[in-house]
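Asks: turn this into a structure:
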Amino acid sequence: LGRAIAGLARSAQLPGANELAARIGIEAGLVIAGQITADRAAALDSLVGTALNTAARLQQLAPAFGVLIGEVAHELVSTTFSCEALPQSLLTRLEPPTQRAFRVHARSVDGHVALKAGRAALVGRDAELRRITERWHSAQQDGGQVVLVSGEAGIGKSRLLREFLVGLEIAPSLIQLTCTPHGATTAFHAAIEAFRGWVAGPAGQGPGGEEAYFHRLAAAAGMPPAEAVSVLEEAFGRRPAPEGRVPGERRRMLITLLQAWLLGAPMPDAATLIMVEDLHWSDPSLIELLLSVAGQLLSRRGMLVATCRSGQVPPGFEGLASYHLALAPLGSDEAGSLLDALSREPAPPAVRAQILARADGVPLFIEELALAVRDGTIPRTLQQAFAARLDALAGGKRLAQIIAVLGGEAELELLGAVSGLDRPALEPGLRRLMGAEILVSASAPGIAFRHGLLQQAAYESLLLSERRSLHAEVADLLEARRTELV
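Replies: Residues are numbered from 1 along each chain as shown. Below you'll find the model as predicted:
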């Protein structure tokens, strides 16, 4: 809205010295609406509530084309937008004075607001970020690139790739695959789930819908349309395999179709960026597919970048990579800078020294230990740090444990069924978990752990009897509701 009005302001001819500008104030909270009309519309002056009053006053304080948000709104969006706290001297002008308020900063990438890439600015990875960006530029001009980013858990592999995406001047044609522990025994799991989302988006909503897109993909793969549709419907779990067909033949056809999709056959003129997260949790069929795609990509315009844990690179992948970037722990100065950036106020020297010593330069450990400090007591392990944060979130702990059992990512419908809570009852606990940066939004719509180590810690906080009970309940629900998965 601000950008649109700014563009209008440049072209508008207003009398005198008048200028056109937008000032936006936002706060979240309970608002009572009165005088609801037959079409359920309400006049602005019929709304009553503290959030509305705060938003109006923030709007008055906002600079031209600026967005100010209140404390509750900041809790909801702080993981998505970069926000700057307003000085307390400015807030005293509000009536009544609010505790905290923020100015929103967001970068625009190809017309879309980019996600904030973490809680603090990326520290100590400038050289690595520059190398990946250089590889992408080379992939667009000189031929395809295959980049492997490795490092121990929590070292910042995913964060580095998010920063890389945010820094691109032009958004690429992006295909993102995410490997998970529960998908490691299912053939092509990450690819099929990503393709399912791709088809559910704009690709399957163009002229002719999903079927027309399948036909275009079949033509690019050199396959009869009816055969391609049958294979893809089977991969999505919508229909069983036809009788009399050799499984190996259907598998080869699926690989061909997935290759055509990943290599951008429906969009031959676009440079494609394929990102594969947590390759160490991939299944053998997916590795076969990716190795084939990587080999072909080297002679095309595009890049495949994959992350994996140190020492767990799949066979054949390291030799094929045109560049292998191994992330090391942060140095002491860099780790200290990250801790300082995370802290609202300087930590006592003794506490600061202990956090840095126990984190050993691993960014995720620095974040979790800093968040878990209570009364100067520092947890000794990530498990203890995470358990302390979960215990402080009351009802959010049980939801986190359920999501951990569901594989670290859950659709809200399934989460509600397992927890026995409807959507309104789920929201307070989910908001607390997202505000604590334990969970992030996912597709479907759904929710997911910010990092696999947090899921592991939540899972391990369950007693064995609780795990068995939850796994049995989830299995029963999947059998009843998701027959294609069972």
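
Asks: any idea how far R216 is from P225?
Replies: 9 Å (Cβ to Cβ, to the nearest Å). To be clear about C-beta, it is placed using only N, CA and C from the backbone, and glycine gets the same treatment.

Asks: looking at these two, which one has more neighbours?
Replies: Using other Cβ atoms under 10 Å, the more surrounded residue of P225 and R216 is R216, with 18 against 15.

Asks: name the helix or strand for the more buried one, please.
Replies: helix 209-221 (DSSP states H and E).

Asks: and that helix, which residues are buried?
Replies: Using 16 or more other Cβ atoms under 10 Å as the test for burial, helix 209-221 gives Y213, F214, H215, R216, L217, A218, A220, A221.

Asks: show the contacting residues for the residue nearest to the second one when sequence neighbours are not counted.
Replies: Yep, that's F214 we're talking about. Once flanking residues are discounted, F214 sits nearest to V229: 5.0 Å by Cβ to Cβ, 6 or more residues apart in numbering. V229 sits next to E211, F214, H215, A218 when contact means Cβ atoms under 8 Å, 6 or more residues apart in numbering.

Asks: farthest pair within those residues?
Replies: Greatest spatial distance in those: E211 and A218, 10.4 Å, computed using Cβ to Cβ.

Asks: the inter-axis angle of the helix or strand where the residue nearest to F214 lies versus helix 209-221?
Replies: Assigned by DSSP H and E, V229 belongs to helix 225-235. Here helix 225-235 runs at an angle of 120 degrees relative to helix 209-221 (axes from the mean of the first three to the mean of the last three Cα atoms, to 10 degrees).

Asks: I'd like the next helix or strand past helix 225-235.
Replies: helix 247-262.

Asks: want to throw the contacts of V229 into CSV with distance to Q176 and pLDDT?
Replies: Compiled in CSV, those are given as follows (distance: Cβ to Cβ, whole Å; pLDDT from 0 to 100):
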residue, distance to Q176, pLDDT
E211, 25, 84
F214, 21, 89
H215, 25, 90
A218, 24, 92
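
Asks: stretch 181-194 - what's its average pLDDT?
Replies: Averaging pLDDT along stretch 181-194 yields 88.

Asks: and the end-to-end length of that stretch?
Replies: This stretch, stretch 181-194, spans 16 Å end to end (Cα to Cα, to the nearest Å).

Asks: next one: stretch 313-325
Replies: End-to-end for stretch 313-325, by Cα to Cα: 12 Å.

Asks: quick one, helices of the stretch 301-450 of the chain?
Replies: 317-320, 332-342, 349-359, 363-372, 382-391, 396-405, 412-419, 423-435 (DSSP state H, counting those that start in this stretch).

Asks: as a markdown table, these with distance to A62, mean neighbour count and mean pLDDT would be great.
Replies: Below are those laid out as a markdown table (distance: least, Cβ to Cβ, whole Å; neighbours: other Cβ atoms under 10 Å; pLDDT from 0 to 100):
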| stretch | distance to A62 | mean neighbour count | mean pLDDT |
| --- | --- | --- | --- |
| helix 317-320 | 50 | 14 | 80 |
| helix 332-342 | 26 | 17 | 89 |
| helix 349-359 | 36 | 17 | 86 |
| helix 363-372 | 30 | 23 | 83 |
| helix 382-391 | 33 | 20 | 76 |
| helix 396-405 | 32 | 22 | 89 |
| helix 412-419 | 33 | 17 | 88 |
| helix 423-435 | 23 | 17 | 85 |
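
Asks: for those, which one sits closest to A139?
Replies: Here helix 317-320 is closest among the helices of the stretch 301-450 of the chain (Cβ to Cβ), at 14.7 Å.

Asks: so how far is that closest one from its chain's centroid?
Replies: 27 Å (Cα atoms, centre = their mean, to the nearest Å).

Asks: and what of stretch 308-319?
Replies: 24 Å.

Asks: run through who's touching that stretch.
Replies: Under Cβ under 8 Å, 6+ apart, the answer for stretch 308-319 is 148-153, 278-280, 282, 287, 290-291, 294, 306, 324, 326.

Asks: okay, buried residues for it please.
Replies: Quick answer for stretch 308-319 (16+ other Cβ under 10 Å): C308, R309, V313, P314, F317.

Asks: next helix or strand past the lowest-mean-pLDDT helix or strand in the chain?
Replies: Least confident helix or strand of the chain, by mean pLDDT, DSSP states H and E, is strand 112-113 with a mean of 26. Next along the chain after strand 112-113, taking DSSP H and E as the criterion, comes helix 126-141.

Asks: now tell me what touches that next one from outside.
Replies: 122, 145, 147, 149, 160-161, 163-164, 167-168, 172, 271, 273, 301-303, 305, 322-323, 325, 327.

Asks: same thing with stretch 468-481?
Replies: Residues beyond stretch 468-481 that count as contacts (Cβ under 8 Å, 6+ apart) turn out to be Q401, I402, V405, L406, L414, A417, V418, L462, L485, V486.

Asks: quick check, pLDDT for the last one.
Replies: Spelled out, it's V486. 52.

Asks: from here on, count from 609
Replies: Yep, numbering from 609; the last one is V1094 now.

Asks: show me what the helix holding R824 is packed up against.
Replies: Judged by 3 or more Cβ pairs under 8 Å, 6 or more residues apart in numbering; DSSP states H and E, the packing partners of helix 817-829 are helix 833-843, helix 855-870.

Asks: with just CA atoms, put the longest one into CSV.
Replies: Spelled out, that is helix 855-870. Only the C-alpha atoms of helix 855-870 are listed here, as CSV (Å, rounded to 0.1, in the frame of the first residue of the first chain):
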residue,chain,number,x,y,z
PRO,A,855,6.7,-51.7,-11.0
GLY,A,856,10.2,-50.9,-12.4
GLU,A,857,8.6,-49.5,-15.6
ARG,A,858,6.3,-47.1,-13.6
ARG,A,859,9.3,-46.0,-11.5
ARG,A,860,11.3,-45.1,-14.6
MET,A,861,8.3,-43.1,-16.0
LEU,A,862,8.0,-41.2,-12.7
ILE,A,863,11.7,-40.4,-12.7
THR,A,864,11.4,-39.1,-16.2
LEU,A,865,8.5,-36.8,-15.3
LEU,A,866,10.1,-35.5,-12.1
GLN,A,867,13.3,-34.8,-14.1
ALA,A,868,11.3,-32.8,-16.7
TRP,A,869,9.8,-30.8,-13.8
LEU,A,870,13.0,-30.1,-11.9
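
Asks: which of the residues in it are buried?
Replies: Across helix 855-870, burial judged by 16+ other Cβ under 10 Å covers R858, R859, M861, L862, I863, T864, L865, L866, Q867, A868, W869, L870.

Asks: restrict the helix or strand following it to CA atoms and write it as PDB.
Replies: Elements were assigned by DSSP H and E; along the chain past helix 855-870, the next helix or strand is strand 880-885. Output in PDB follows, covering the C-alpha atoms of strand 880-885 (Å, rounded to 0.1, in the frame of the first residue of the first chain):
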ATOM      1  CA  THR A 880      16.000 -22.700 -12.400                       C
ATOM      2  CA  LEU A 881      17.200 -22.800  -8.800                       C
ATOM      3  CA  ILE A 882      16.700 -26.200  -7.100                       C
ATOM      4  CA  MET A 883      17.300 -26.200  -3.300                       C
ATOM      5  CA  VAL A 884      17.400 -29.500  -1.400                       C
ATOM      6  CA  GLU A 885      17.400 -29.200   2.400                       C
END
